[in-house]
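Student: sequence below, structure please.
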Amino acid sequence: MLTPEGAPASTDFSLAAGVRHINHGSFGAVPSAALRAQRELSGIMNANPCDWFMDMPGKVAPARRRIAAYLGAPQDATALVPNASAGASVVYNNVPAWRGMEIVTTDHSYGAILMGAQRLAARWEGSVNSVHIPLDASDDEVFDRVTGTLNENTALVVIDHVTSATARVLPAGRIAAEGRRRGIPVLVDAAHSPGLFAEPLAGIGADFWVGNLHKFACAPRGTAALVASGPHTQVLYPLIDSWGAPEPFPARFDQQGTIDITSYLAAPVAMATLEQRYGWDEMRRYITELADYAQSIVVGALTAATGEDAAVSVGVPVNGLRLVRLPAGLVETQEEAHWLRHIIAAQLGIESAITHWGGHGYLRLSTHVYNTADDFEDFVERAVPFIVELGRTERRK
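Tutor: Below you'll find the predicted structure:
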């Protein structure tokens, strides 16, 4: 995409020009305008810390309301938290629990979210049931597999909207509705959803929803939303006990000690910048078309080079995230996934996402406005032969 002035969209971001950035889905990228706003806010904070921190709620609440409007969420149901995992931790710390309780999730759950669920279950001598969901499962099959495990001892369901390692959509709204019908709280991990979808909460209706603003919505890192509704809303308290505690949800989240709220305050600048300069609908169209192209050429190159089919059927694909199967045996553990990502970055100058699921390794492609077809054509030219040779080397060991 081009800026209104006709320059590449990458000029609106602060990303290093000498690196290929094809992993927006992990940590995002922030428009330079939002970073300037954040620096200005930081200067104001440090010029008079007493004035700044004494009036935190007066600063956070307007930003929270603007973020809620962007998400299509009720203002009185939306709190700001540092990231989706922090929002999940708030839920884990406050949701009703009992000895022997069970938490139901899937084997696509994000690692940090799963670890939090496991700690909660362990505190109550309970268990976590990670339901197996085939990569190519339909929405109906996912719904049946998850809801078929619910019982009188299920205290919480944790379901992804968009899965991280496997880049697919799960029917979070249908599962949340079934949980509500049965009186079982449901937490939707929507870490990737803001920005990817025009209405990321539409049709969800979960008791708890957490979404990162720093990924596809491009806010400064350290900005996420926790949206809560239903009978357990007012039991939610921040992880940090502070002076806002007597306030109702979500106002009690507006004041938490001396945390740096500049990312919260600059988030609306990021979202407004992208809307004004590109338009969200046009951006989503672009990243979808580019993801289609990127996936097709990378799959084609890897398949041709290895003789193994690199295509992956993920049931319900995501517009800006796509999955490609890596050569068999190259990545069989999470540690090997981290190793491959690091070596591609260090030796080729390409920031990619290597994931691991079900004993196999995958390349997860991400696209955003600053990406171009050249980013992925370069990956095909340099990284695909590199990956193939690494695979052959690993087999020879």
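Student: how about the helices of the protein, start to end?
Tutor: For the chain, applying DSSP state H gives helices covering 24-27, 32-47, 49-54, 56-71, 84-94, 111-123, 139-147, 172-182, 193-196, 262-277, 280-306, 334-348, 373-378, 384-396.
Student: packing partners for the fourth one?
Tutor: Translated: helix 56-71. Applying 3 or more C-beta pairs under 8 Å, 6 or more residues apart in numbering; DSSP states H and E, one finds that helix 56-71 makes contact with strand 78-81, strand 224-228, helix 262-277. All C-beta atoms are positioned from the backbone trio N, CA, C, and that covers glycine.
Student: among the helices of the chain, show me which one is buried the most.
Tutor: Highest mean neighbour count of the helices of the chain: helix 193-196, a mean of 27 (counted as mean count of other C-beta atoms under 10 Å).
Student: now what about that one, what contacts it?
Tutor: 70-71, 161-162, 200, 211-213, 215-218, 225, 280, 284, 318-321 (C-beta atoms under 8 Å, 6 or more residues apart in numbering).
Student: can you pull the contacts of S26?
Tutor: Shown in contact with S26 (C-beta under 8 Å, 6+ apart): 215, 353, 366.
Student: how near is it to Y70?
Tutor: According to C-beta to C-beta, to the nearest Å, S26 and Y70 sit 22 Å apart.
Student: check A219 too.
Tutor: Distance, A219 to Y70, using C-beta to C-beta: 10 Å.
Student: now for these two: what residues contact both?
Tutor: M271.
Student: bridging residues for P194?
Tutor: F197 (DSSP bridges).
Student: quick one: low-confidence ranges for this structure?
Tutor: The chain contains residues with pLDDT under 70 at 394-397.
Student: hmm, 90 instead?
Tutor: Residue ranges of the chain with pLDDT under 90: 230, 240, 256-257, 391-397.
Student: how is it partitioned into domains?
Tutor: Domain ranges of the chain: 9-30+279-396, 33-273, per automatic domain parsing.
Student: could those go into JSON lines alongside distance to L2?
Tutor: Compiled in JSON lines, the domains of the chain are given as follows (distance: least, C-beta to C-beta, whole Å):
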{"stretch": "domain 9-30+279-396", "distance to L2": "6"}
{"stretch": "domain 33-273", "distance to L2": "15"}
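Student: quick one: which of the ones you listed is nearest M1?
Tutor: domain 9-30+279-396 (4.3 Å; C-beta to C-beta).
Student: hang on, Y92 packs against A121?
Tutor: No. Shown here, Y92 and A121 do not form a contact pair, counting by C-beta atoms under 8 Å, at 9.5 Å.
Student: follow-up on the earlier one: most surrounded residue in the contacts of S26?
Tutor: Highest neighbour count within those: K215, with 29 neighbours (other C-beta atoms under 10 Å).
Student: list the contacts of that residue.
Tutor: Applying C-beta under 8 Å, 6+ apart, we find K215 in contact with 24-28, 191-192, 194-195.
Student: can you name the residues that contact A353?
Tutor: Taking C-beta under 8 Å, 6+ apart, we find A353 in contact with 22-23, 25-26, 341, 363-366.
Student: distance between stretch 124-131 and the chain's centre?
Tutor: Between the centre of stretch 124-131 and the centre of its chain there are 23 Å (C-alpha atoms, centre = their mean, to the nearest Å).
Student: can you check stretch 103-111 too?
Tutor: Relative to the chain's own centre, stretch 103-111 is displaced by 14 Å; criterion: C-alpha atoms, centre = their mean.
Student: check which residues of it are buried.
Tutor: Neighbour-count burial for stretch 103-111, counted by 16 or more other C-beta atoms under 10 Å, picks out 103-106, 108-110.
Student: and these, which is closest to D309?
Tutor: Nearest to D309, judged by C-beta to C-beta, of those is H108 at 21.4 Å.
Student: just give the closest residue to that closest one, not the sequence neighbours.
Tutor: Of all residues not flanking H108 in the chain, T163 sits nearest, at 4.1 Å (C-beta to C-beta, 6 or more residues apart in numbering).
Student: doesn't A172 make contact with the one you found?
Tutor: No. Look at T163 against A172 with C-beta under 8 Å: they stay out of range, at 10.5 Å.
Student: what about the closest residue to Q38 other than its chain neighbours, distance to G222?
Tutor: Nearest residue to Q38, sequence neighbours excluded (C-beta to C-beta, 6+ apart): A266, at 3.9 Å. Separation of A266 from G222 (C-beta to C-beta): 10 Å.
Student: which residues are in contact with T303?
Tutor: Counted by C-beta under 8 Å, 6+ apart, T303 has contacts 309-311.
Student: for these, which entry has the maximal number of neighbours?
Tutor: A310 (22 neighbours).
Student: ok, it - contacts?
Tutor: By C-beta under 8 Å, 6+ apart, the neighbours of A310 are 298-299, 302-303, 324-326.
Student: T147: which of those is nearest?
Tutor: The nearest one, if we look at the contacts of A310 relative to T147 and count by C-beta to C-beta, is R325, at 29.4 Å.
Student: ok, now which ones touch that closest one?
Tutor: Counting by C-beta under 8 Å, 6+ apart, the residues that R325 touches are 302, 308-312, 360-362.
Student: give me the distance between it and S313.
Tutor: Look at R325 and S313: by C-beta to C-beta, they are 10 Å apart.
Student: about what we covered before: so which of the helices of the chain is nearest N153?
Tutor: Distance to N153, taken as C-beta to C-beta, is lowest for helix 111-123 among the helices of the chain, at 11.2 Å.
Student: run a quick neighbour tally on the nearest residue to V314 once chain neighbours are set aside.
Tutor: The shortest distance from V314 to any non-neighbouring residue, by C-beta to C-beta, 6+ apart, is to R168 (3.9 Å). Close neighbours of R168, defined as other C-beta under 10 Å, add up to 23.
Student: can I assume R168 is in contact with N319?
Tutor: No. Using C-beta under 8 Å, R168 makes no contact with N319, being 11.7 Å away.
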